[in-house]
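Chemist: got a sequence here, can you build the structure:
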Amino acid sequence: MASRNLALLYRPRSLDEFVGQAHLLRQSAPLRRLIENDALQHSFFYGPPGVGKTTLARIIAEKLGRPFYELNATTLKVDELRAIFKQYANSLIKPLVFIDEVHRLSRTQQEVLLPFMERYDALVVGASTENPFFSLTAAMRSRSLLFEFKPLTVADLGHMLDRVVSKEGVSLDEDARRYLVDSSGGDMRAMLNLLEAAAAVSSQIDVDTLKELRPAALHDGSNSGDTHYNLVSAMIKSMRGSDVDASLYWMARLIAAAEPPEFIARRMVIFASEDVGNANPNALGIAVDTMQAVSKIGYPEARIILSQCCIYLASSPKSNTAYKAIDRAIGAVEKGEMQPVLKHLQSPNHPGYLYPHDFGGWVEQEYMQKPMKFYESKGMGFEKRLDEWLEKIKGRL
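Modeler: Sure, this is the predicted structure:
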């Protein structure tokens with residue numbers, strides 16, 4: 001089969017053809033109703049690659065009858081934006097401006113976009129593999145909706161694969177079909193690209209050909225979704241339970257399944273803060289060093305570095321106080337606990353502010369209008385030392 005770019009050829013053209021993201025596009029979902037009622041506001045889509053973010057933006061533009069402009073934040077020029085908006089300044093039809101990698105928008109680019117977004121001179125839709133909430137300015141966030149796209153399921157990928165195979169005149173056995181789906185990690189584009197490459201080799205596709213073209217699974221997934229997530233879960237829970245041998249066994253299962261070492265290391269970095277925390281503050285640094293090291297070295301040697309970190313984390317005292325504390329604080333903010341910044345804490349420095357260093361390192365003063373309690377130390381490991389420090393700093397010991 002000659003190269004035909006199957007990912008583009010079979011790209012859905014309507015909401016009914018769209019595969020996956022049922023939480024966003026089922027008949028009763030708010031996003032779908034906004035689209036169908038032509039009431040969609042500026043929106044940002046984020047999630048893994050190959051799950052339909054760009055495709056949905058194209059479908060929205062088509063359904064709403066808007067000219068479609070596809071841009072990328074990494075190469076976007078301010079003059080390019082202004083030219084698009086100027087072209088439609090006096091038009092009743094406004095374009096849909098789609099910006100990929102939106103988390104890379106500079107502050108200047110965002111400031112240029114703001115007045116046009118405010119006047120709705122265009123419908124701005126952005127996409128990113130990262131949550132753009134933290135990279136967008138408050139002004140951009142206040143004018144936009146945020147929607148999370150999830151990895152496509154095995155059923156989603158299988159549905160599209162069967163459709164393409166039946167139309168393209170290729171055949172594959174069950175092992176090949178399973179490998180195409182499982183090794184693509186929820187990425188439709190990656191699955192179709194691998195199918196296209198294999199079909200160019202032979203119309204009778206077998207799993208050996210697929211493995212030669214893609215020796216290891218993409219991103220987080222190395223097995224079927226359930227197995228992959230179960231193995232990761234088992235490793236994390238074994239480390240949390242301080243069972244070194246079980247932790248190593250489940251890690252070995254992940255390594256044997258060709259799980260990327262960077263993925264395993266990322267999970268250990270999260271664990272080091274979420275489950276070890278200040279009971280052993282060194283754990284986070286060691287996990288970060290592990291992540292950086294395996295990204296440079298790779299298998300087979302990376303297995304040794306992963307093992308060292310795994311043993312250290314499983315053997316460390318455990319505390320989830322940092323994880324619990326920030327969730328309580330964020331929860332309070334989300335519930336509307338919006339305290340004003342006290343005058344003496346505002347910038348620039350106010351005459352009423354007491355500079356602790358002028359008082360031997362600590363002085364009693366208010367930092368919140370209403371006291372709130374989020375952090376509850378368990379006194380585990382090094383946390384006990386931190387508790388003592390706080391007591392000494394405040395003159396209570």
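Chemist: now Leu306: closest residue in space that isn't a chain neighbour?
Modeler: In space, and not counting its chain neighbours, Leu306 is closest to Ile264: 5.7 Å by Cβ to Cβ, 6 or more residues apart in numbering. The C-beta positions use only the backbone N, C-alpha and C, and glycine is treated the same way.
Chemist: residue contacts, Val170?
Modeler: Contacts for Val170 (Cβ atoms under 8 Å, 6 or more residues apart in numbering) come out as Met1, Leu195, Ala199, Ser203, Gln204, Ile205.
Chemist: now swap in Ser295 and tell me
Modeler: By Cβ under 8 Å, 6+ apart, the contact list for Ser295 reads Pro261, Glu262, Ala265.
Chemist: and after the host helix or strand of it, which helix or strand comes next?
Modeler: Using DSSP states H and E, the element containing Ser295 is helix 282-297. Toward the C-terminal end, the helix or strand that comes next after helix 282-297 (DSSP H and E) is helix 302-315.
Chemist: what sits up against that following helix?
Modeler: By Cβ under 8 Å, 6+ apart, the residues outside helix 302-315 that reach it are 235, 238-239, 242-244, 247-248, 251, 255, 261, 264-265, 268, 271-272, 275-276, 283, 286-287, 290, 293-294, 297.
Chemist: where exactly do the strands run in the protein?
Modeler: Assigned by DSSP state E, the chain shows strands spanning 43-46, 68-72, 96-100, 123-128, 145-148, 171-172, 204-205.
Chemist: Val288 reaches Ile270, doesn't it?
Modeler: No: under the contact definition of Cβ atoms under 8 Å, Val288 does not touch Ile270, with a separation of 10.9 Å.
Chemist: who's in contact with the residue nearest in space to the middle of the chain?
Modeler: Compute the mean C-alpha point of the chain, and by Cα atoms, centre = their mean the closest residue is Glu130, 4.4 Å away. Contacts for Glu130 (Cβ under 8 Å, 6+ apart) come out as Tyr46, His103.
Chemist: Met235 too?
Modeler: Applying Cβ under 8 Å, 6+ apart, one finds that Met235 lies in contact with Ser247, Trp250, Met251, Leu254, Ile264, Arg267, Cys310.
Chemist: ok so, going back, how far away is the residue nearest to the centre of the chain from Arg104?
Modeler: From Glu130 over to Arg104 the distance is 9 Å, taken as Cβ to Cβ, to the nearest Å.
Chemist: now do the domain split for this protein, please.
Modeler: The record's domain split for the chain, according to automatic domain parsing, is 9-148, 154-213, 225-315, 332-393.
Chemist: only C-alpha atoms, please: export the helix or strand bottoming out on mean pLDDT in the chain in PDB.
Modeler: Each helix and strand of the chain was given a mean pLDDT (mean pLDDT, DSSP states H and E); the minimum falls on helix 225-240 at a mean of 83. Only the C-alpha atoms of helix 225-240 are listed here, as PDB (Å, rounded to 0.1, in the frame of the first residue of the first chain):
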ATOM      1  CA  GLY A 225      -4.300  -0.800  29.600                       C
ATOM      2  CA  ASP A 226      -5.500  -2.900  32.500                       C
ATOM      3  CA  THR A 227      -2.200  -4.800  32.900                       C
ATOM      4  CA  HIS A 228      -0.100  -1.600  32.500                       C
ATOM      5  CA  TYR A 229      -2.000   0.300  35.200                       C
ATOM      6  CA  ASN A 230      -2.200  -2.600  37.500                       C
ATOM      7  CA  LEU A 231       1.600  -3.200  37.400                       C
ATOM      8  CA  VAL A 232       2.300   0.400  38.100                       C
ATOM      9  CA  SER A 233      -0.300   0.400  40.900                       C
ATOM     10  CA  ALA A 234       1.300  -2.700  42.400                       C
ATOM     11  CA  MET A 235       4.800  -1.200  42.400                       C
ATOM     12  CA  ILE A 236       3.600   2.000  44.000                       C
ATOM     13  CA  LYS A 237       1.600   0.200  46.700                       C
ATOM     14  CA  SER A 238       4.400  -2.100  47.400                       C
ATOM     15  CA  MET A 239       6.800   0.800  48.000                       C
ATOM     16  CA  ARG A 240       4.200   2.500  50.100                       C
END
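Chemist: in that helix, what counts as buried?
Modeler: In terms of neighbour count (16 or more other Cβ atoms under 10 Å), helix 225-240 has its buried residues at Gly225, His228, Leu231, Val232, Ala234, Met235, Ile236, Ser238, Met239, Arg240.
Chemist: quick one on the thing from earlier: CSV for the contacts of Ser295, including distance to Arg33?
Modeler: Written out in CSV, the entries for these read as follows (distance: Cβ to Cβ, whole Å):
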residue, distance to Arg33
Pro261, 43
Glu262, 39
Ala265, 41
